[in-house]
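Output the structure for:
(chains A and B)
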2 protein chains.
Amino acid sequence: MIKRSYYLLLVLLVLLSHNIYAQKDLAQYVDPFIGSEGAGHVFPGASLPYGMVKLGPDCGNKTSNTGYAKNEEVHGFSHTHVSGTGGGAKYGNVLVMPVVGDVKSIQPVSLYRDAIATPGFFSMQLTDYNIQADLTVSHKVGFHKYTFPKSNQSHIIIDAGSFLGDSIKHAYESQEFIGSEIEILSNTRVEGYTRVRNGWGLGGEYTVFFSAEVDTPAESFFLSLDNRIDQNGTVAVDNGTKAKAILQYSTSKNQQIQVKVGISFISAKKARQNLENEVSHWDFNKVHDAARQQWNDVLATINIEGATDIDQTIFYSSLYRTMLMPVDRTGENPKWHSDEPYYDDYYAIWDTYRATHPLMTLIQSERERDMVRSLVDIYRYDGYMPDARSGNHNGRTQGGSNCDMLIADAYLKGLKGIDYEAAFDAMVKNAEIPPGGTEMQEGRGGINEYIELGYVPAEFEPLQSTNPGNTPKLYERAGTRTVEYAANDWAIAQVAKELGRESEYIKFKRRAGNWANLWRDIKCDGFRGFIWPRREDGTWVNKFSAFKAGSWGNFFYESNSWEYSFYVPHDVASLIDSCGGQKLFIQRLDHFFNNNYFNVTNEPGFLSPYLYNYAGQPYKTNALIRSIIRENYNTNEDGVPGNDDAGSMAAWYVFSSMGFFPNAGQDVYLIGAPHFKEVTLNLGNNKQLIIKAKNLSEENSIIKTAKLNGKSMNRAWFRHFEIANGGLLEFEMTNTPTDWGQEMLPPSMSEF
Amino acid sequence: MIKRSYYLLLVLLVLLSHNIYAQKDLAQYVDPFIGSEGAGHVFPGASLPYGMVKLGPDCGNKTSNTGYAKNEEVHGFSHTHVSGTGGGAKYGNVLVMPVVGDVKSIQPVSLYRDAIATPGFFSMQLTDYNIQADLTVSHKVGFHKYTFPKSNQSHIIIDAGSFLGDSIKHAYESQEFIGSEIEILSNTRVEGYTRVRNGWGLGGEYTVFFSAEVDTPAESFFLSLDNRIDQNGTVAVDNGTKAKAILQYSTSKNQQIQVKVGISFISAKKARQNLENEVSHWDFNKVHDAARQQWNDVLATINIEGATDIDQTIFYSSLYRTMLMPVDRTGENPKWHSDEPYYDDYYAIWDTYRATHPLMTLIQSERERDMVRSLVDIYRYDGYMPDARSGNHNGRTQGGSNCDMLIADAYLKGLKGIDYEAAFDAMVKNAEIPPGGTEMQEGRGGINEYIELGYVPAEFEPLQSTNPGNTPKLYERAGTRTVEYAANDWAIAQVAKELGRESEYIKFKRRAGNWANLWRDIKCDGFRGFIWPRREDGTWVNKFSAFKAGSWGNFFYESNSWEYSFYVPHDVASLIDSCGGQKLFIQRLDHFFNNNYFNVTNEPGFLSPYLYNYAGQPYKTNALIRSIIRENYNTNEDGVPGNDDAGSMAAWYVFSSMGFFPNAGQDVYLIGAPHFKEVTLNLGNNKQLIIKAKNLSEENSIIKTAKLNGKSMNRAWFRHFEIANGGLLEFEMTNTPTDWGQEMLPPSMSEF
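Presented below is the predicted three-dimensional model:
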């Protein structure tokens, strides 16, 4: 009877919940573990879309980027994490750990089994203690349910001194402890904070405040300061010590004790307010259901038909990952007070500008608008828009100032509600004002030289550094910088044109051609012309290889000249000319892909498979995309080809499997290879973009004909305005090469 | 009988207190109001030496730099202030105001009378309410004693939303509110914080936490949020609102209610800890006596004999002002945790390097060592040493990177306990790495051009700015920068030499001659050769006048070419050559002083009166110094000639009246004109420098002969090592020009 009435209640709730009659439970297809192993670095714990709290286990030596490390011992569950990142670990703050035993003698860690992760939920069995841990979240609250064994030495430890990377002292990009504070306010409430600096991005200090409440009064409670027990203490003042609160219980078998932890970047009282505002009750399932519902709401922005369960799992798990970051911290900015939205953990825009943000512009345009507004507000108060940002500090520019691409993308696609005049100022600052001592954090390093020479010269000039082990180069990544600065300049030119700033338009359009200043007439594998290191005096560096990929301190970042010599997204027509014309360009692309020069694990090549479209052979794109997906994306825990980079790999997949891809910073989409018989994108305001692929099969992966909004379309691209108010894109598929899409090539610089 | 026993107790206390048998009450000569009116901007409230809490009234429209504004209405007494500064106001946080009446209807402000200020004490009668307010301080605690009239509507308001400059919205260098928080913990305790950004130096956010305790339980208490009363509220969470706590009392006539307020930059709990550590009792007089004792201890580092009461007042009030800033915030750094000392409110080193820091090196060398260590630690974590710093952010470079001068000064004078290798790295970073986007805050703006051209060119290049009204120039202050960068380069060369870094020594010694690149062969008032604006292409700017003084956006900062053309402190010999030799140089100095071209109100001319020594006519210095002091320093409230600039004007006076002056960044002191028959400087470790002036009188102001440590000395300068272990400097004075001091001129660059 109980079960039956519960079922009826559930049905009632389902009927009452909004929009549910039309909505599938798409969350069932999301597997948060995809990408959590291997290079993916995907956070598998519990989070809402863009959720401030990301609650998950911190494992092993606490150096994993996500905290999680499969089969390694668990230190507890902390409330702040990132997803998909490389480099030094960040966050891992406010750790809660249930243990059984004498806390004075045991190491409070445990192995685990039966880890389960679904959107907004994470659970595992802590085998050392026989404790079941179930976790769910609201936006700013972590909700823990611990099921204990029978013991009079059951404990819940709330650790304000724990963070990721703690075991690596004074290493480059390793987090450094500043201080922590704890007050045990009663046998049911503990508050405090952790203050940490550095870590990924070499940022300054950030403080994570918390207010934790337990549903069961502790029998006793005490503090631990730098791992020394203070039996009678209830207040640990911040004197640079690591403080823990320990709550003790005598539990019966399977006794559940719940903990809810409000988080804030403003104050502990604000954390308590967040807790009270978001979770005023003790119903774990209610929080969990609401979390799943929020995920279902955002997953429902795209519907796919005719996909296998495996494909649905890859698709919705990918879509899920595109919404883990950045993090919505509106109302939680400790650095200034404004009415603008505030997002943090852009990590990095160098990755996400290419696909993630254009995806949001289609399916969550108000979210994207708010992110762009937050970037402009960061410029207003912190001086530069970030290329990456974490812990309230700009940090770790990768190549160009690619926030410029977001601004242009938003403007050209008609996003309203953004102060584009201020945004333009922010772009121009990137393009004109050297960040100097902070070039690791923001702006364009080597911009003076770029302006003077038309390229960033190859010479390396080591900078002084304040961080141990940090020896950046003033002109490091000169190749990446030059080609990306040129693309960024085109983005500025586009916005200048729209804003009627003629002289800036002319200036930055001219600068957008600067990639050609590094184009050397040199041969490799029989192909002529490559982006090449060039010295300040104009001479070329001879000891260099087109196959030489690099990282921070090298000419190219995360790829080589073969890949970067395809990166002129705003002027592919000129690039084709430089390569000797369409025929040679296609041969070059063929050679590139056939010989596995294409690097699927990083972002510089995101656009490369679509470049056939610019040379009139989109059918090659069609086939290529399908094979890239098949070979690199699957449902395994290592089913993401490289660092997911805040959902960038995921966003590439989402677009590519739907059959088109944005040329970011433009209003242009390139047509690729549809994977599903029908895809519906909900654009908001009851507008939909529907993509149908007639005769689609594993063999029939090539587009034969296309119609846009009912009209025949013999071009392999379209503009945003053509679908912005809804659209119908119909393909007829075939299994042999076609000459479809040759009529009108995608626009290049001079044609905009 | 009561009086008698009180007297005996006092005698006993006096006998018990350390060192008292030898110590005068020098605090009696300190008048904190000197400089509080006019341009001085001296903070007249209660502070310890380098005290973190500076407790004083905030008056009028709260735009005064010190909070205080004579005869204007008082808003209350806040705990953080600066002294002697120009530019936008800073601090004025955590304001406490006693009022009588219906707080719902009255404006809680009052006129006042009977203001009294002595070291560590401030009091006034609030005439609107008939309340007597007495204030004293420990290092991190403000102690208030309010004597109320009879009323059942007596209130104490604790305002976490008040700060200086609040009435100027979005103006350049005006403080901006971020948020505040208050909790009324009981009828005797209120805690919370204020978070503010911007203000002087255009710095980022800072947070001032407090824990306030009253000795009398409030009858009732409530909150005010953005000036709306919340009758039942006890917790104001930080949602960007301005929060006040209001405590209500029914007072009998003359009932005293005391408030003690602990301050912290870390947390409210830390503020409470500071309160408990420093003031565990309710004895106002005990706190006051301890404060006065601390002042007497530091004032006793210099003893003067044969001075009038007025001269003693000017002298000890000046010595007092040299120790108000910077502020010792060791243990209160929210940005990183290290074992180094932490000082904030360097405001600015451009002012204080010239005299204040060299003074501390003599009389409080451990304090000076700690300041230098704090500067190096700021470099380690924030990337650059500050030229100025406030609210935990570097801010507002004035000219050169004059922290370099402090490092050289400390090294050459043998200060131990400083990591000079790290300090050298910090200097080199200033000299080599352009701060770019943060050049307003740190480093050397235009350094690339300075390195390339040998001078900062005259062209003005407006920078983008994130602050309203802020339109700095990339090459603004090009003249000031160039001559100061050259002096700074010499400081680096000196340290390089001592550290055995030969190539850097040669490089920076060469750069130290760069002032000459702006030396134009042009005539003014018959004298040839002036520092002059020069363009990037090498041509001179013709539309310019040697009399044109400027500020931020101009070629010279705070003075003109006549003054700056004397600023080559490291190579006066070459300067004299450039001026056409000793005779012409002396004529030029005569002309400069006789025609009032000398600007006594700002720091660029601090060394100018002593330059006669370099040309073999120290007797002219003797007479000049005496007249500058007589005409510009007195005991009036406007008795300081310009902004006191964190005690810079005061330190110039202290040195000059003692009879010598440091050439900062060198180990050289120049002899001026002794003002007192005998001066004893306690150098620490029982070592003393004694200066005796035989036959000194108002007429006999010129040195006839001198002896150093018993040996005749016919030079008008000495080195630090000659007096570092104690010394005796004896002068015989006369009333006519002498040829004393011609034998050996002070050293210039090539002679070090």
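
Buried ones in stretch A:690-708, by neighbour count?
A:691, A:692, A:693, A:696, A:700, A:701, A:702, A:703, A:704, A:705, A:706, A:708 (16 or more other CB atoms under 10 Å in any protein chain shown). (Each C-beta comes from the backbone N, C-alpha and C, glycine too.)

Am I right that the second one sits in a strand?
Yes. Remark: residue A:692 belongs to a strand, assigned using DSSP: H, G, I helix; E, B strand; the rest coil.

Now do the same contact list for it.
Contacts here follow CB atoms under 8 Å, 6 or more residues apart in numbering or on different chains; on that basis residue A:692 touches A:677, A:678, A:728, A:729, A:730, A:731.

rerun at 7 Å
By CB atoms under 7 Å, 6 or more residues apart in numbering or on different chains, residue A:692 lies in contact with A:678, A:730, A:731.

So for the closest residue to the second one other than its chain neighbours, what's the pLDDT?
If the residues on either side of it in the chain are set aside, residue A:730 comes closest to residue A:707, at 4.4 Å by CB to CB, 6 or more residues apart in numbering or on different chains. Residue A:707 is assigned 98 on the pLDDT scale.

Would you agree residue A:392 is in contact with residue A:205?
No. Residue A:392 is beyond contact range of residue A:205, at 8.6 Å (criterion: CB atoms under 7 Å).

how much space between the residue in chain A positioned nearest to chain B and residue B:447?
In chain A, the residue that lies nearest chain B is residue A:436 (2.3 Å; CB to the nearest CB). According to CB to CB, to the nearest Å, residue A:436 stands 9 Å off from residue B:447.

give the contact list for the spatially most central residue of chain A.
Residue closest to the mean C-alpha point of chain A, counted by CA atoms, centre = their mean, is residue A:646 at 1.6 Å. Contacts for residue A:646 (CB under 7 Å, 6+ apart) come out as A:83, A:84, A:85, A:325, A:347, A:351, A:352, A:356.

Report the lowest-confidence entry in those residues.
Comparing the contacts of residue A:646 by pLDDT, residue A:347 comes last, at 92.

For that one, which non-adjacent residue is closest in space?
residue A:646 is the one closest to residue A:347 (CB to CB, 6+ apart), at 4.8 Å.

what's the residue of chain A closest to chain B in contact with, if anything?
So residue A:436 contacts B:433, B:434, B:435, B:436, B:437, B:438, B:439, B:443 (CB under 7 Å, 6+ apart).

circling back to that earlier point, as JSON lines, the buried residues of stretch A:690-708 with secondary structure and distance to residue A:428 would be great.
Below are the buried residues of stretch A:690-708 laid out as JSON lines (DSSP: H, G, I helix; E, B strand; the rest coil; distance: CB to CB, whole Å):
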{"residue": "A:691", "secondary structure": "strand", "distance to residue A:428": "38"}
{"residue": "A:692", "secondary structure": "strand", "distance to residue A:428": "43"}
{"residue": "A:693", "secondary structure": "strand", "distance to residue A:428": "43"}
{"residue": "A:696", "secondary structure": "coil", "distance to residue A:428": "46"}
{"residue": "A:700", "secondary structure": "coil", "distance to residue A:428": "49"}
{"residue": "A:701", "secondary structure": "coil", "distance to residue A:428": "44"}
{"residue": "A:702", "secondary structure": "strand", "distance to residue A:428": "44"}
{"residue": "A:703", "secondary structure": "strand", "distance to residue A:428": "40"}
{"residue": "A:704", "secondary structure": "strand", "distance to residue A:428": "46"}
{"residue": "A:705", "secondary structure": "strand", "distance to residue A:428": "44"}
{"residue": "A:706", "secondary structure": "strand", "distance to residue A:428": "39"}
{"residue": "A:708", "secondary structure": "strand", "distance to residue A:428": "36"}
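
Same question for stretch A:726-733: list its buried residues.
Neighbour-count burial for stretch A:726-733 [16+ other CB under 10 Å]: A:727, A:729, A:730, A:731, A:732, A:733.

still on that earlier bit, for the residue nearest to residue A:347, which three-state class applies?
Recorded secondary structure, residue A:646: coil (three-state DSSP).

Surely residue A:257 forms part of a strand?
Yes. Using three-state DSSP, the assignment for residue A:257 is a strand.

That one touches residue A:218, doesn't it?
No. Counting by CB under 7 Å, residue A:257 does not reach residue A:218; the two are 9.1 Å apart.

which neighbours do those two share?
Between them, residue A:257 and residue A:218 share the contacting residues residue A:249, judged by CB under 7 Å, 6+ apart.

tally of neighbours for residue A:102?
9 (other CB atoms under 10 Å in any protein chain shown).

what do you get for residue A:710?
When neighbours are defined as other CB under 10 Å, residue A:710 has 9 of them.

ok, now residue A:425?
Neighbour tally, residue A:425, other CB under 10 Å: 17.

Now name the helix or strand holding it.
Using DSSP states H and E, the element containing residue A:425 is helix A:420-432.

Tell me which residues of the helix or strand following that helix come out buried.
Counting by DSSP H and E, the next helix or strand C-terminal to helix A:420-432 is helix A:447-453. Neighbour-count burial for helix A:447-453, counted by 16+ other CB under 10 Å, picks out A:447, A:448, A:449, A:450, A:453.

which strand in chain A runs the most residues?
When chain A is parsed with DSSP state E, its longest strand is strand A:175-186.

same question for that strand, mean pLDDT?
In this model, strand A:175-186 carries a mean pLDDT of 97.

hey, C-alpha coordinates of it in CSV?
The C-alpha atoms that make up strand A:175-186 are tabulated as CSV, following Å, rounded to 0.1, in the frame of the first residue of the first chain:
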residue,chain,number,x,y,z
GLN,A,175,47.2,25.9,-4.9
GLU,A,176,48.6,27.6,-1.7
PHE,A,177,46.8,27.7,1.5
ILE,A,178,46.2,31.1,3.1
GLY,A,179,43.9,30.4,6.0
SER,A,180,40.7,28.8,7.2
GLU,A,181,38.1,29.4,9.9
ILE,A,182,35.5,27.3,11.6
GLU,A,183,32.9,27.9,14.2
ILE,A,184,30.7,25.1,15.6
LEU,A,185,27.6,27.2,16.3
SER,A,186,25.6,24.3,17.8
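
And it, how far out from the chain middle?
Computed by CA atoms, centre = their mean, to the nearest Å, the separation of strand A:175-186 from the middle of its chain amounts to 29 Å.

what does stretch A:604-621 give?
For stretch A:604-621, the distance to the chain centre is 24 Å (CA atoms, centre = their mean).

Same question for stretch A:312-321.
In terms of CA atoms, centre = their mean, the centre of stretch A:312-321 is found 14 Å from the chain centre.

can you check stretch A:555-574 too?
Distance, centroid of stretch A:555-574 to centroid of chain: 22 Å (CA atoms, centre = their mean).

ok, back up a step: in which helix or strand does the residue nearest to residue A:730 reside?
Assessed by DSSP H and E, residue A:707 sits inside strand A:702-708.

just checking, what packs against that strand?
helix A:618-632, strand A:727-734 (3 or more CB pairs under 7 Å, 6 or more residues apart in numbering or on different chains; DSSP states H and E).
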